[in-house]
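Chemist: here are the coordinates; sequence isn't available:
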């Protein structure tokens, strides 16, 4: 693939390629719903931003509390099997959303249950596998490849979703997403089998999380989770409101932003392996925080594109070294790789919960734009890592 000639070649393991293939297929579904799912929920919940935030926040709260239980299953079932089962729950999540209009309360509860089960069985094994399948020397470039592939595959997804929504309904998108996610199961079957013993008990996980020695890890990932919730929930709704419900315009602008980020992703991945990851993170967090502030002043489609692309650049400069550095830190823990991955997941989701409950109050008092300076402050806190 010629786009990867922007960076020096690096050997990729068989398992890493299988994981990349899986993520690329999933990227098709995520590209369609990453932006439009909050919009769908907004419409189904009668235009209430508060209920959308509550839906996401409660899901993250329950998942954050149950993460250690999911990790305890890794020794018995194995990472590969858990990830396959998890995707099945992910498929059921979209099935529930398909029927949401018929009984919003029942199917919202069922959808959140399946989403929690997916997260519980998928994300810790995924991060543990990814840390094992990447090489410390080339981890920055490997992480960049994975992210850039996802962007590349997902370029047309928002545009396709926007077109389908103008011609049909969300039901058609759900059916397509279900088919795509079923196809994504095949690469997972190619992963090597591995079992990991989770050493912490349930309550020990919380004691470890709140130890003084882990305060940097805790603060960093709480901040990361907090700003992430704004990007996943508030920004898509904000775009939708500015573009006055024009699905095709929303999809087209999003696709243009994605195109502008791919080359940057690969270049930053190369620099991540050559320069200090901490310094790149500091630069990226400042750009990223400034991008959040700039989003407060967006009023036109062109501004969405221009500021969205700039913000994506900041995200890449921050995220690529941040993820590579995170996996290096966790692999340095040796046999405690999975334990510290659990602490990371707990922190990220508690950060999302804190931001979610804060937004419910502050949006009522100030308005939806208050989310962006809050996300900017959280982005700067990532520097404590």
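Modeler: Alright, I've got the coordinates. Just so you know, these numbers come straight off a predicted model, no measurement behind them.
Chemist: the lowest-mean-pLDDT helix or strand in the chain: what's the following helix or strand?
Modeler: Lowest by mean pLDDT, DSSP states H and E among the helices and strands of the chain is helix 247-272, with a mean of 64. Going down the chain from helix 247-272, the next helix or strand is helix 277-295, by DSSP states H and E.
Chemist: now do the buried residues in that next one.
Modeler: 277, 280-282, 284-295 (16 or more other C-beta atoms under 10 Å). The C-beta positions use only the backbone N, C-alpha and C, and glycine is treated the same way.
Chemist: poorly predicted segments of this protein, please.
Modeler: Residues of the chain meeting the criterion pLDDT under 70: 1-12, 134-148, 150-151, 154, 245, 250-251, 253-277, 324-325, 327-336, 384-385.
Chemist: which residues touch stretch 99-119?
Modeler: With contacts defined as C-beta atoms under 8 Å, 6 or more residues apart in numbering, stretch 99-119 is touched by 44-45, 55, 58-59, 62-63, 66, 70, 86-87, 89-90, 92-93, 96-97.
Chemist: residues of that stretch that come out buried?
Modeler: 100, 107-108, 110-119.
Chemist: wait, which of those residues is closest to residue 169?
Modeler: Closest approach between these and residue 169, by C-beta to C-beta: residue 100, at 12.2 Å.
Chemist: ok, the closest one to residue 108 distance?
Modeler: Separation of residue 100 from residue 108 (C-beta to C-beta, to the nearest Å): 6 Å.
Chemist: looking at it, residue 248 is touching residue 164, isn't it?
Modeler: No. Residue 248 is beyond contact range of residue 164, at 9.5 Å (criterion: C-beta atoms under 8 Å).
Chemist: neighbour-wise, which of these two wins?
Modeler: Remark: of residue 248 and residue 164, residue 164 carries more neighbours, 20 against 17, as counted by other C-beta atoms under 10 Å.
Chemist: buried residues in the strand or helix carrying that one?
Modeler: Using DSSP H and E, residue 164 sits within helix 156-167. Buried positions in helix 156-167, judged by neighbour count with 16+ other C-beta under 10 Å: 156-162, 164-165.
Chemist: who does that helix touch, helix- and strand-wise?
Modeler: When contacts are defined as 3 or more C-beta pairs under 8 Å, 6 or more residues apart in numbering; DSSP states H and E, helix 156-167 packs onto helix 14-44, helix 170-183, helix 247-272.
Chemist: for whichever strand or helix holds residue 312, name the packing helices and strands.
Modeler: If you go by DSSP H and E, residue 312 is part of helix 301-331. Under the contact definition 3+ C-beta pairs under 8 Å, 6+ apart, helix 301-331 sits against helix 104-133, helix 139-153, helix 235-242, helix 247-272, helix 277-295, helix 337-365.
Chemist: look at the spatially closest residue to residue 353 that is not a sequence neighbour and give its secondary structure.
Modeler: Spatial nearest neighbour of residue 353, excluding adjacent residues (C-beta to C-beta, 6 or more residues apart in numbering): residue 61 at 4.7 Å. With DSSP: H, G, I helix; E, B strand; the rest coil as the basis, residue 61 sits in helix.
Chemist: same check on residue 190?
Modeler: Residue 190 is classified as coil under three-state DSSP.
Chemist: from memory residue 294 sits against residue 309, does it?
Modeler: No. At 11.1 Å, residue 294 does not count as touching residue 309 under the criterion of C-beta under 8 Å.
Chemist: isn't residue 301 right up against residue 242?
Modeler: Yes. Contact status for residue 301 versus residue 242: in contact at 7.4 Å, counting by C-beta under 8 Å.
Chemist: hang on, the earlier thing: give me the subset of the contacts of stretch 99-119 lying in helices.
Modeler: 44, 55, 58-59, 62-63, 66, 70, 86-87, 89-90, 92-93, 96-97 (DSSP state H).
Chemist: how about those, which pair is most distant?
Modeler: Greatest spacing in the ones in helices among the contacts of stretch 99-119, by C-beta to C-beta: 44 and 70 (28.1 Å).
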